[in-house]
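Participant: Everything below, folded, please.
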Amino acid sequence: MHSFEEIQYHEDDRAQRLLNVFPEVNGQINVSYVNSVDHVVAWHKHNIQTDYWCCVKGSFKVGLVNENGDVRWEYLSDKNLRVLKIPPGIYHGYQAIEDCSILIYYLTEKYNPEDEIRAKIGDFEESWKTQNK
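Facilitator: Reported below is the predicted structural model:
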């Protein structure tokens with residue numbers, strides 16, 4: 001016999017999210033739809049959880065900050081499919097480079113707000129502007 005599970009939905013001014021898409025999975029699989037390049041979703045880190053991110057549509061600029069406060073930039077795109085692993089202790093965030101970009105991400109733990117430590121945009125003296133080259 002088959003059954004359906006309701007998918008959790010969350011929307012704010014940055015993106016729409018489908019949460020816990022496959023509830024029987026250890027951890028959690030989420031999908032974020034980012035409609036505009038105008039919003040930065042940053043910064044937070046986890047003590048326990050590892051994140052795995054993959055862009056399935058559009059592109060993202062991803063910021064990663066190590067324990068020394070050094071910022072590193074990575075780029076995810078549907079034209080160069082790969083999975084980015086973000087281990088515990090690394091602050092991370094993203095900004096869509098193209099409107100209507102989609103990020104699918106696997107969390108090794110179910111979302112727990114007590115495992116999340118937040119920082120503000122600008123705390124690492126970073127620039128989210130994409131440079132023309």
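
Participant: Mind giving me the packing neighbours of the helix-or-strand element of the chain with minimal mean pLDDT?
Facilitator: None of the helices or strands of the chain scores lower by mean pLDDT, DSSP states H and E than strand 16-19, at a mean of 84. Where contact means 3 or more CB pairs under 8 Å, 6 or more residues apart in numbering; DSSP states H and E, strand 16-19 is packed against strand 8-11, strand 28-34. To be clear about C-beta, it is placed using only N, CA and C from the backbone, and glycine gets the same treatment.

Participant: For this structure, which segments count as strands?
Facilitator: 8-11, 16-19, 28-34, 40-46, 51-57, 59-65, 71-77, 84-86, 91-96, 101-107, 116-118 (DSSP state E).

Participant: What number of residues are in the vicinity of the closest residue to residue 5 other than its chain neighbours?
Facilitator: Closest residue in space to residue 5, ignoring its immediate chain neighbours: residue 23 at 5.3 Å, by CB to CB, 6 or more residues apart in numbering. Here the number of neighbours of residue 23 (other CB atoms under 10 Å) works out to 13.
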